[in-house]
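Novice: Any chance you can model this:
(one chain, ligands or ions: 2)
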Amino acid sequence: MTRPCVGCGYCCFSAQCGLSYERFGCIADGQRCPGLKWVTNRRTGKGRYVCTAIRNPFDASELAIGAGCCSGLNTWRLNVRERKSVLDNAEVFYG
Ligand code: SF4
Ligand code: SF4
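Specialist: Residues are numbered from 1 along each chain as shown. Ligands and ions are numbered 1, 2, ... in the order given. You can find the predicted model right below:
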């Protein structure tokens with residue numbers, strides 16, 4: 001079951017996609033894809049991650065951007081914030 005994408009960034013922190021390999025080469029473990037950017041809405045003050053590597057509608061279609069989230073049980077969805085790495089998930093342990 002898919003849920004709406006909330007821009008938590010979990011999927012991109014967890015695994016590099018094909019477009020990322022093509023654009024940036026192989027990224028070392030623990031490094032974030034350079035295409036992943038945290039953006040803040042000036043009006044609401046809320047932020048989310050976005051992919052800035054997409055160049056055309058074909059890229060978006062290939063990555064299923066806009067098709068929803070298929071990692072709907074990940075805990076990052078519950079606390080969308082800027083993260084340092086895939087291990088930056090302290091709220092899982094400290095509540
Ligand atoms: S894990 Fe899901 S909610 Fe988070 S950025 Fe990826 S698709 Fe969006
Ligand atoms: S930010 Fe874009 S290019 Fe990088 S892993 Fe995520 S979807 Fe792929």
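Novice: Any idea how far apart the tips of stretch 43-59 sit?
Specialist: Distance between the two ends of stretch 43-59: 29 Å, counting by CA to CA, to the nearest Å.
Novice: same check, this time on stretch 27-36
Specialist: 13 Å.
Novice: again, but for stretch 32-52
Specialist: Terminal residues of stretch 32-52 lie 13 Å apart, using CA to CA.
Novice: how about it against ligand 2, any contact?
Specialist: Yes - counting by CB under 6 Å from any ligand atom, ligand 2 has neighbours in stretch 32-52: C33, G35, L36, C51. All C-beta atoms are positioned from the backbone trio N, CA, C, and that covers glycine.
Novice: Quick check: pLDDT value at the third one.
Specialist: Just to be clear, that refers to L36. We have a pLDDT of 96 for L36.
Novice: ok, now the last one?
Specialist: Reading off the per-residue confidence, C51 sits at a pLDDT of 94.
Novice: buried sites along stretch 81-95?
Specialist: Neighbour-count burial for stretch 81-95 flags R83, V86 (criterion: 16 or more other CB atoms under 10 Å).
Novice: Could you do stretch 10-23 as well?
Specialist: For stretch 10-23, burial by neighbour count (16+ other CB under 10 Å) applies to Y10, C11, C12, F13, Q16, C17, L19, S20.
Novice: so who does the first one touch?
Specialist: Read that as Y10. Going by CB atoms under 8 Å, 6 or more residues apart in numbering, Y10 touches S71, N74, W76, R77.
Novice: Which of the residues you listed are buried, as a ChimeraX select command?
Specialist: With 16+ other CB under 10 Å as the criterion, this ChimeraX line picks the buried residues out of the contacts of Y10:
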select :76,77
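Novice: Mind jotting down where the helices sit in the chain?
Specialist: Along the chain, counting by DSSP state H, helices occupy 10-14, 18-24, 57-62, 91-94.
Novice: How about the residues of this structure by ligand 1?
Specialist: Residues of the chain lying near ligand 1 (CB under 6 Å from any ligand atom): C5, V6, G7, C8, G9, Y10, C11, Y49, C69, S71, N74, R77.
Novice: Good, we can wrap up now.
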